[in-house]
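**Student:** show me the folded form of this:
(one chain, ligands or ions: 1)
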Amino acid sequence: MNRELLFQRIAVIGVGLIGGSLAGACRGRLAARVVGLDRDQIHLNQAIALGLVDEVGDLPTGVAGADLVVVAVPVGAIVEVVRATAPHLAPGCIVTDVGSVKGDLVDEVEREIPPGRAYVPAHPIAGTERSGPEAAAAGLFHESLCVLTPSSRTPEEALKKVMRLWEGVGSHVVLMDPFRHDQIFALVSHLPHVVAYALIGTVLNRGDGEEELLQFSGGGLRDFTRIAASHPIMWRDILIRNRSEVLESINRFRQVLERIAEMIRTQDTVRLVQEFQRAKEAGEQLR
Ligand code: NAP
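**Tutor:** Prediction:
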C-alpha cells in the first residue's frame with residue numbers, strides 16, 4: 001500500500017462523473033478503502049464493475065467508520081444529503097463536497113455538521129458534459145484547479161488534509177472566499193451554459209423545420225450543443241442556487257449583445273473588428 005495514504009476509509013455519496021472520478025483516483029493510493037453510496041443502484045453496480053470503489057453500501061452503514069465523506073450529488077441535494085448523513089458521522093470525520101456553487105451553501109451545510117466533525121467546501125474545476133459513473137475517469141483531475149472555500153469555522157487541520165487530497169489526485173489548489181467564488185463562476189462557467197441553452201433554444205424556436213436547420217449547423221453551433229448536452233438537473237440546481245450572480249452576469253451579457261447589435265446596425269466596421277480582435281486574443285491566451 002502507498003505510503004501517502006491520507007484516509008483509512010472514504011465514503012463517496014454520488015458515484016457519478018465527479019464522485020466516481022475522485023473515488024477511482026483515491027482508491028488504493030490515498031485511501032485504504034473507498035465505499036460508494038448512491039440512490040441509483042445501477043450507478044452503484046457500474047461503480048463496482050468499473051473498479052471505481054472497493055465496496056458499495058447504504059448511507060448509514062457506508063458512512064459510519066469513514067474518516068472522509070465526499071458529497072458529490074447535485075447542488076440542490078447537498079444540504080439534505082448532509083442532514084441525512086449527520087447522525088452517522090464518526091467523531092473526527094471530515095465532510096467535503098464538490099458542488100459548483102458555494103456562497104450561502106457553505107453556511108447551510110456547516111449548520112448540519114455535528115460537533116467534533118469538520119466541513120471543508122470544495123469545487124474541482126474539471127468535468128465534461130457527460131454524467132454518471134461510465135463518464136468517470138481517475139485522471140480527470142490531473143493538472144486541473146480545485147477551489148476550496150473555507151469559512152472562519154473551517155478547522156485548519158481538516159482544510160490541510162482536503163488540500164492534500166486534491167493535490168494527491170493531481171489538482172492545483174486555490175483558496176477563495178465562498179461569495180467571491182460564486183461571482184467568478186457565474187461569469188466564467190454559469191453564463192456560458194445559459195448562453196448555450198439560449199442559443200440552441202433560438203434555433204429550435206424558429207418553428208419551421210428546426211430539425212432541418214440543425215442538420216446545416218457547422219462547428220460553431222456544435223460547440224454550443226456540446227455545452228447544452230450537460231446534465232439538466234445539475235444545471236437547473238446551479239443556476240437557481242447562484243441566481244443573483246447569474247442574473248447579474250446575464251445583464252452584463254445583454255449589454256454587450258446590445259453593443260454588438262448596435263455596431264452591426266450602424267455598420268461600425270472599425271469597432272466590430274476591435275471587439276472581435278480583443279475576444280480572439282483572450283481566447284488564444286486560454287488555449
Ligand atoms: P452525476 O454524474 O449526475 O452524478 C451525481 C450522482 O449523484 C448520480 O449518481 C445521482 O443519481 C446521484 N444523486 C443525485 N441525488 C442524490 C441524492 N439525493 N442522494 C444520493 N445520490 C444522489 O453529476 P456530476 O457531474 O458528478 O456532479 C456532481 C456534483 O459535482 C454537482 O454538485 C456538480 O455541481 C459538481 N461538479 C460537476 C462538474 C461537472 O463538470 N459535471 C464539475 C465540477 C463540480 P441519479 O442519476 O439517479 O440522480
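
**Student:** domains for the chain, by residue range?
**Tutor:** 7-176, 180-286 (automatic domain parsing).

**Student:** among those domains, which gets the worst mean confidence?
**Tutor:** Least confident of the domains of the chain, judged by mean pLDDT, is domain 180-286 with a mean of 91.

**Student:** and that one, how far apart are its ends?
**Tutor:** 21 Å (C-alpha to C-alpha, to the nearest Å).

**Student:** mind checking if that domain is in reach of the ligand?
**Tutor:** Yes. Judged by C-beta under 6 Å from any ligand atom, domain 180-286 comes into contact with the ligand through 231, 234, 238. Heads up, the C-betas are built off the backbone N, CA and C, glycines and all.

**Student:** taking the residues you listed one by one, which sit in helices?
**Tutor:** 234, 238 (DSSP state H).

**Student:** for the residues of domain 180-286 next to the ligand, which one is nearest residue 189?
**Tutor:** Closest to residue 189 out of the residues of domain 180-286 next to the ligand is residue 238 (8.3 Å), distances taken as C-beta to C-beta.

**Student:** burial count for the closest one?
**Tutor:** The burial count assigned to residue 238 is 24, neighbours taken as other C-beta atoms under 10 Å.

**Student:** cool, and residue 17?
**Tutor:** Neighbours of residue 17 (other C-beta under 10 Å): 25.

**Student:** OK, contacts around it?
**Tutor:** 127-128, 130-133, 135-136, 140 (C-beta atoms under 8 Å, 6 or more residues apart in numbering).

**Student:** give me the number of residues near the closest residue to it other than its chain neighbours?
**Tutor:** Counting by C-beta to C-beta, 6 or more residues apart in numbering, the nearest residue to residue 17 once its immediate chain neighbours are dropped is residue 135, at 4.6 Å. Here the number of neighbours of residue 135 (other C-beta under 10 Å) works out to 17.

**Student:** what residues are up against residue 135?
**Tutor:** 16-17, 20, 128.

**Student:** over to residue 56?
**Tutor:** 15, 35-38, 44-45, 47-48, 62.

**Student:** phi, psi for the residue nearest the centre of the chain please.
**Tutor:** When C-alpha atoms, centre = their mean is applied to the chain, the residue found nearest the centroid is residue 100 (4.0 Å). Dihedral angles of residue 100 (phi, psi; degrees, to the nearest 10) stand at phi -80, psi 0.

**Student:** would you quantify the distance from the residue nearest to it when sequence neighbours are not counted to residue 45?
**Tutor:** Take residue 100 and drop its neighbours on the chain: the residue closest to it by C-beta to C-beta, 6+ apart is residue 238, 5.0 Å away. Note on residue 238: its distance to residue 45, by C-beta to C-beta, to the nearest Å, is 28 Å.
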